[in-house]
Structures are given as C-alpha cells and as structure tokens.
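In: can't give you the sequence, but here's the structure:
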C-alpha cells in the first residue's frame, strides 16, 4: 500500500504546480485587465497646461497677459528649520502662521507638497528665491493668472472660467477636461481655440502614496505644450479708457469703428467692471457680486442691448428713398405737425432740410411714399408689399439680424416684416397708419449700439461696410483673421446718393448737435432721441469724422440722458477729438460730460 | 579520509543546484523589490535589503558548511534536545519578544533577532523522525497516531499564542509525511471531503444548493446495494450532519474577528473591498497579472517597486517575479520548486533507514506547503496568510531555517549507506 503513496505525493506536487501555472496563465496572459489596472495605479497622466495667448491693442499695448504668481510649497517630511525666527523674517510670516501652515500640511500628507504661503508676487518671490536652497522641503510652484494692466474693456475682452458641464458635453473632440479653464465671453470666449494653445502631456510614475517617481519610459511618450496664439485687437486702449471715463456714472454704450476696415476702435459698455476681479481665486465670489449688481455690469450693452434707433434712422430712410427713386434731393414735404410732432423749423423742407432739421412729418410722408406704391388696389395689401420691399433695402444696412462680430451672444435687433404685423393685428388688418412710427426710427424697430456705429461707418464709406470686429491679426498676421472680416459688404445704395446726405449730416451738427462741433475737424453726425416710456428718453448720437476722409465712425447711446444733442453728442465729439488729435481742446465740454450722471 | 570521500561523493548536487538557483533568483528579486530608479544603489549595497540579504546568504553558506562537516549522527542524537530548546523559546517568546503589529514573533539581542517558530519547524521534524524511527511505531494504531500528533501540536499551541496563524498552519503539512508513513487513508478522504464541504458552504451564496446536493448524493448511496435499516439511518445521519455543519460554519465565520472573516470572504470575492481587506490580494494580482507572458523586464516593474503591493520583499516576493519576468518567469520558478520537491521524494525514498526518510518527508511537507500556500495567496487562490516563499522571501530566520531543514536532509542522504541497517 505504501508503495503507492510516494507516487500519490508526486502527483499531488505536479497537480499543485499545474493549478498554480494555470491560474498564473489566466491572470498574466489571458486577461489584460490587470495591465490596465497597473497602469492606472502607477502611471499618472499630468497635463502640461500651455501658456494662453496674449492680447495687444492696435498700438501694441498689452491688454491681457499671464501673470505668474507663486505658491511656496512645503513637504513636511523633508522640511527642517534650525532658526525659526530667521526663517520667519526671510519669508515674511509669523511664527504662528508657520506652525499653522506646517500642521495643516502635515495633516494632509507628510510626503506630498501642500501650499505654505499662497500667491506670492513676483517681487516678493525675488526676495526669497535665493534662500530657498537653505531650506529642504520647500519649493515654489508657479501658476499663471490672466491679468489686465489697464482695468479696461472688460466686456470686450471677456473672462475665462472653469468649463461647464454642458460645454464639456459639447466638446466632441474631448480636448477639455473637468476643471479646465476656457474663455467664457468676449474675445476670450470667441478666440478660445486660438488663445488656448495645445496641451502637452507628461506621463510620470507615482508610488502608492502618489509621490513622483520620475517620468515613464524616460519621457518618450511625453508631449510638450504649445503656447496659444497672440491676438492683436482693433481696440485703441487709450480711446477705450477715455470713453469709459466719460461714461462713468451713466448707462449705455459707445462703439467707435474705423470705417475703412470695420475695426472696432473702442467698445464701451457702461457701467463696467475691472476685468482683474474676474481672475484667479476671486472669480467665484466676484462673479456672483457682479451678476447680482442691479446696474448689470456683465451685460455687454454694445451687442446685447436693443433700442429703437430714433432719429438717426432718418438717414437710412433718406438713402432708401433715394435708391428706390421715391425721393430726390428736391422732394419737398410740409412740416405738417398734425401727422406727427416736430420742433420749430422752416417749412416746407427738402430732403437736405429734413435731415438737417430732423423733420418728423417729412419722413412720415416720405415713408408713406416708399410703402404705398399703389401696386395693389387694396391699401392693406399695398402696405404689406411695400413694407416687405422696403425691409429688403433696410436689412442690407446690417440691421434686423446680428452683424457677425467676433463675439458670442450678439443680438440682431429687429426690422419688422409683414409677418410681425399679421401676427399682432391679423392679416389684412393693418396699413400705413399702423406702421408709420417706423418712419422716424420708432415703433417695432430695434437696433444694437454696434449696428448704429456700423450705420455711421456705412454713411462714412458711402455705401459699404466691413463686419465690425475686435481682432485684426493673429500672431501679427492679419490674413489669419476670418475671411468675413476682410470682405467688403455693399449696402445696395449708390455712392452718389451719400454726397448730399453727408453734407446734411455735417450741417446737422450745427443744428441739433452744436456741442459736437470741433474746430478744424469736419464732423458729420445725427442726433436721436429714443422715446422711453419708463422714464427720461435715451440720448443717441452717431457721427463720423473727418468728413472728407473718415477715420472714425461712432455711435453713442446714453440711457435716460434725455435729448440726443446733449450727453450722446458731447461724448461722441470728445471721443472723436481724442482719437484724431490725441488730446482734448475743450476741457469745459469734458467737465460737462463727466458731471452728467443719468443713472 | 575514506569515509569523507564516501559521503562527499554521495552528496546530491542536483538538490543543491536547484537550491542555489532559487536562492539567486530570490535575491535578485529582493533587489528589484526595493530598487529605486531615481536613486539607484548597487545590489550589494548594505543599506538596502538586497545587500542585507546577501550577508544572510553568506551566513547560510556558513551554516551549510557547519552542517556538512558535522557528524551525521549529531542531528539524530540532538533531536529531542533541539525540539525542547525551541519549544522553550516558543514559550518565552510572547513574554520577552519584541511586539510588532500585535504579534510577538522574534527574540534576540540588539539587532540580531530570530523567529523561534521558523526554527521549530526543523526541530519538530527531527523529533518526529526520531520518534517514528522506533521499530514498534505503527501509524495504524490510534495511540501512535495521537503521540505523533502531540509532537506536532505542542509547538503549534505556543505559536498560536504569538499569534502567528500562518506558521501554525504550516504544521498541518506534516500530514503529508504521515500519509507516506501509513496514516490510514480514510482520514484524508474525510479531511478532503470536510474541506470541500467547508469551501462550498462558505463560497455558495445560498446553502440550499449544497443541501440539495447532499440529499441527492446520500439518496444515491442509499439506493446502491442492499437497503439495510442501519445503512439508511447511518447515511441519513451523515447527510444531516453535513447540512448542520454547513450552516454552523457560516455562523462561526460570522463570529470570527473581523480581519479573519475578511480574509475568508476576500478569497471568494476579492473585489468585495479592494481598498481595505482586499487590498493585498487585489494589488498582488494586479502586479502579477500585469506581467504578461514575458514580463515587464528586470527592474521595470512599477507595482512592486512603487509599494503598491505590501510586504513585497517578504511574503509577496512572488509579485516582483510575476511582474518583471511574466508567466515565463513564474513557470521557471514553479517548475524549479516542483523539481526540487520531486527530487526530494526520490531522495527520501532511497533512504535505508526510517529516521532519514521520515525527516526527508518532513522537509518535503514543509517546503511543499510553503510553496503552494504562498504562491496561491498571491494570486488569490488562498486567503492571505503570512508565510514566506522558501529561499525567496527577505529575512534571515526563514532563509536559515529552510537552509538548515534542507541541508540536514542532504547531509543524512549523503550518509545513507552508513545509516543502512538501522531500518525500522
């Protein structure tokens, strides 16, 4: 019997060997899930965040840059200090702060770094830099925070913030990760792809406590980050700052455009805020404060506020009338105030006089001539056909829809079509007397300040415009901006029609907007006063200058500032002078504007 | 001189060669387990484990030489003395030893410490061999069975007091030797059935499957052959006992200390608590499993090097091998161990006296148990018990005790001719 037993034992040994090898084969060769789990364990993918692109103004002044800030990190296990008081002197902290910071770090981990002193400025860092070597367990970690040397143009520049869940979902290329910072509005938002650069990846090995154990495979899989592109803005930061100063204490917008290029020289949304408050760790709390602020500083008025344009629309009416052939420079109407209110001026007037004096009854009658062309025997049908035909002309002026500025959330305003009136009154139940307010830029018509400035540019250019934009070059190359900002848009009105209109606008300065006149600079402009049922009327003014070779087209919209000749025209005039001359020759006018508070 | 020639020529170099290769592989794996790429140190550096282990290997060589030059009768003559010396050590260890993690395993002076439980293995083996050498000894007699068991159990009791469950379990390996020496087979059949039922009772979510199975088997047994009343009652009682046992086992397990309970539950489902009780097994399996067929290459392992596997240079040293040398490396080591064990069976069987044979089978039993349980636990086939892999794991006591264990047998084997005629 016992002779069998040694063999049984040998069989048992072989069996155990086979079982072990089979199980080993199953987990080592047949199942690769362990390899993946091992990689998840020990190989950490560290994203190397690129340097975000800078933004300069049109004259090369820095508007946005990355400010390095330093955190002094401590590894408690490696840290040792012999002379505590000397340490505290060098690093400018109290003994209590040191003990508190050390204790907190120790509590988190004795081998992983924790911040000891946060947000050290560059100058402070320079002071401590040389001493760092004397203290093991201390090192400095650099972070970059968006920074704005001029606390200006906040709404135009926008801000960056942590990516939202919906944005992450929309990011089908999976470039972003939770916690990444992205441009959320303004230039930062629109040019996110250009500014962000390209993330790099480093694979490093970590041990079970998460401590860095060097790069994986000697770093052969690592990729370096690529810095973002630098943008050149069309904004003139000096003009922008000046405009913001003028708009202090007011609500409204100022948009200045270089007519020949569509470049936005300044875009002021008032009230505004210091863009530096929406950076770094203060973002969250400050954003909430701004968002709750009743004056809505985060509301980008130039592209998001929509108002009835008021009398400035009469220029468009004149040009459409001329192009349609309904009006000629000699068309004369009486200033019949039974039709619509007007102010005192000689009557009857021709087109030139109508522009110069902003004659409401003239446009009431001229618009009727444009609308009711007697193409249909039904006055209702006739009005409908006329309105839609007229609307086609008006839309070409960049109205009734977003212009396509390089910012998100641009509103388009509205130029009503027959559909709108059909909806409100019912088909065949409205006629000219229903819609006549449109003749003088009131009624169911809405325009953004950007569109108003663009109108000024169209008048300056005698019939064309470039889509207004905020960025003129990427990495100094103007050909890299989107094609549409380099494409001329014709408005469909012959250039010669503009000659008389421009003359009339020049004369209008001396009529309704005498304050806007500048010695030796020919300004062509038009005031407007948009009725505001809620309170004081809104003050509107558009202009361009110099008249013979326009360099700047501007629209100023000041809410609740009353008649357009006052606040808006004065502000526009100061902006024009500032831009063309670089200085202000009329300090009294400046004081007048600065004193005006309309909030 | 003639005598010396005689026994040197009889030394089994195959066993020594396998021993040496396993020791070498173990040593380079200890180096891999502590290797730090950022601050690489030489494998001989005494400040790291591999350097330390080399010193211990040197001491082991010294021990081997001492054993080889000693008189072959010495071990036989000293069997009982050694047994009781180490028994005394085991008794005093809980009182004078150094406590680490709630266990008191080692005694010693200054930095020189030994674990008596490790050495008690070979002293127990010697005592058993000596005891069973008597011509009158017969394992089919219950009295003799009990006496042999008593020799085994005495050290176990004191090892349990340390407490060191793992090492205590090793003593159950002597049943392999007892099997060879004629322990009735029915004990083993019973024992294996018992283990199978225990595993099923613990492993199955619902014991009703087990109950169903038992009923079917018992019913079949009753139906086969003659249907005597006593047979029907006997089998029925057996079935009931099994069912009662399976339920009581679940109850007992639920009353165990939590860490032991966890170790058992983890065996059946290691993902139950991968960050807690299952951490060791999970990380160990990840390390070995990530090795693939050829392994990641020497010193290229990430799991063991970066401390994901606890106890990686001692009880979990096999992880380093599995990760860096893959299945191929595992194959080599498993085959080497099996070869060693089978070679030892051959040596044991060629002994001309019972003392040497019994001792030889004790060596086989202990090495087999360590090898099987240690590797099985690293790949999740057995609960985690803290026992080292022979010749591999870092540590002096285990290396020296395995070396002494093995080389006393090699020494005895080389003198098998002289020992002739004393066969019991």
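Out: Perfect, I can see it now. Note that the structure is predicted; figures quoted are calculated from it, not measured.
In: Where is the longest helix in the chain?
Out: In the absence of a named chain, this looks at chain A. Of all the elements of type helix in chain A, the one with the most residues (DSSP state H) is helix A:4-25.
In: not what I meant, chain B
Out: helix B:317-349.
In: ok, and for that helix, which residues are buried?
Out: Neighbour counts over helix B:317-349 (16 or more other Cβ atoms under 10 Å in any protein chain shown) mark B:317-327, B:329-331, B:333-334, B:336-345, B:347-349 as buried. In short, each C-beta sits where N, CA and C put it, glycine included.
In: Spatially nearest residue to the residue of the stretch 401-550 of chain A found nearest chain B (excluding sequence neighbours)?
Out: Closest residue of the stretch 401-550 of chain A to chain B, Cβ to the nearest Cβ: residue A:475 (39.6 Å). Excluding the flanking residues, the one nearest residue A:475 by Cβ to Cβ, 6 or more residues apart in numbering or on different chains is residue A:229, at 5.0 Å.
In: Let me see the contact set for residue A:488.
Out: A:464-466 (Cβ atoms under 8 Å, 6 or more residues apart in numbering or on different chains).
In: Look up the pLDDT of it for me, please.
Out: Listed pLDDT for residue A:488 reads 95.
In: With the one 3 residues further on instead?
Out: Per-residue confidence (pLDDT) for residue A:491: 95.
In: One more: residue B:266?
Out: 68.
In: tell me which residues in stretch B:77-86 are buried?
Out: Buried-residue list, stretch B:77-86, by 16+ other Cβ under 10 Å: B:79, B:82-83, B:86.
In: quick one on the thing from earlier: what are the phi and psi values at the residue of the stretch 401-550 of chain A closest to chain B?
Out: Phi and psi for residue A:475, reported as degrees, to the nearest 10, are phi 50, psi 40.
In: Same question for residue B:413.
Out: According to degrees, to the nearest 10, residue B:413 has phi -60, psi -40.
In: give me the element the residue nearest to the spatial centre of chain B is part of.
Out: Residue closest to the average C-alpha location in chain B (Cα atoms, centre = their mean): residue B:370, at 2.5 Å. Counting by DSSP states H and E, the element that carries residue B:370 is helix B:354-378.
In: how far is that helix from where the chain is centred?
Out: Relative to its parent chain, helix B:354-378 has a centroid offset of 6 Å by Cα atoms, centre = their mean, to the nearest Å.
In: now for that helix, which elements pack on it?
Out: Other helices and strands packing on helix B:354-378, by 3 or more Cβ pairs under 8 Å, 6 or more residues apart in numbering or on different chains; DSSP states H and E, are helix A:4-25, helix B:116-132, helix B:165-170, helix B:174-180, helix B:279-289, helix B:317-349, helix B:396-414.
In: dump the residue contacts of whichever residue of chain B sits closest to chain A.
Out: At 2.6 Å from chain A, residue B:289 is the closest residue in chain B, using Cβ to the nearest Cβ. Applying Cβ under 8 Å, 6+ apart to residue B:289 gives the contacts A:27-28, A:31, A:33-35, A:37-38, B:322.
In: Model confidence at it, what's the number?
Out: For residue B:289, the model assigns a pLDDT of 90.
In: how much space is there between it and residue A:25?
Out: Per Cβ to Cβ, to the nearest Å, residue B:289 is found 11 Å from residue A:25.
In: List of residues touching the strand or helix carrying residue A:392?
Out: With elements taken from DSSP H and E, the one containing residue A:392 is helix A:379-395. Helix A:379-395 has contacts (Cβ under 8 Å, 6+ apart) with A:316, A:320, A:323-324, A:370-376, A:400-401, A:415-418, A:421, A:428-432, A:434-435, A:492-493.
In: I'd like to know which elements the next helix or strand after it is packed against.
Out: Using DSSP H and E, the helix or strand that follows helix A:379-395 towards the C-terminus is helix A:418-425. Judged by 3+ Cβ pairs under 8 Å, 6+ apart, helix A:418-425 is in contact with helix A:379-395, helix A:432-435.
In: how about the ones you listed in TSV, adding mean neighbour count and mean pLDDT?
Out: Output for the helices and strands packed on helix A:418-425, formatted as TSV (neighbours: other Cβ atoms under 10 Å in any protein chain shown; pLDDT from 0 to 100):
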stretch	mean neighbour count	mean pLDDT
helix A:379-395	18	94
helix A:432-435	18	92
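In: can you tell which of those is closest to residue B:208?
Out: Nearest to residue B:208 among those is helix A:379-395 (80.3 Å), distances taken as Cβ to Cβ.
In: Now do the closest one against helix A:418-425, angle only.
Out: Our comparison of helix A:379-395 with helix A:418-425, counting by axes from the mean of the first three to the mean of the last three Cα atoms, to 10 degrees, yields an angle of 130 degrees.
In: State the distance from the residue nearest to residue A:475 to residue B:409.
Out: From residue A:229 over to residue B:409 the distance is 78 Å, taken as Cβ to Cβ.
In: These two: which has the busier surroundings?
Out: Comparing residue A:229 with residue B:409 by other Cβ atoms under 10 Å in any protein chain shown, the one with more neighbours is residue B:409, at 29 against 20.
In: Would you confirm that residue B:106 belongs to a strand?
Out: Yes - the assignment for residue B:106 by DSSP: H, G, I helix; E, B strand; the rest coil puts it in a strand.
In: Contacts only, for it.
Out: So residue B:106 contacts B:93, B:97-98, B:113-116, B:397 (Cβ under 8 Å, 6+ apart).
In: Residue A:279 too?
Out: By Cβ under 8 Å, 6+ apart, the contact set of residue A:279 is A:145-148, A:159-160.
In: let's see 7 Å
Out: A:145-147 (Cβ atoms under 7 Å, 6 or more residues apart in numbering or on different chains).
In: okay, now the domains of chain B?
Out: If you go by automatic domain parsing, the domain ranges for chain B are B:2-183+B:256-414, B:184-255.
In: With distance to residue A:183 added, can I get the ones you listed in CSV?
Out: Shown next, in CSV, are those (distance: least, Cβ to Cβ, whole Å):
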stretch, distance to residue A:183
domain B:2-183+B:256-414, 38
domain B:184-255, 55
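In: and among these, the most buried is which?
Out: domain B:2-183+B:256-414 (a mean of 19; mean count of other Cβ atoms under 10 Å in any protein chain shown).
In: now that one, how far from the chain's geometric center?
Out: With Cα atoms, centre = their mean, you get 6 Å for domain B:2-183+B:256-414.
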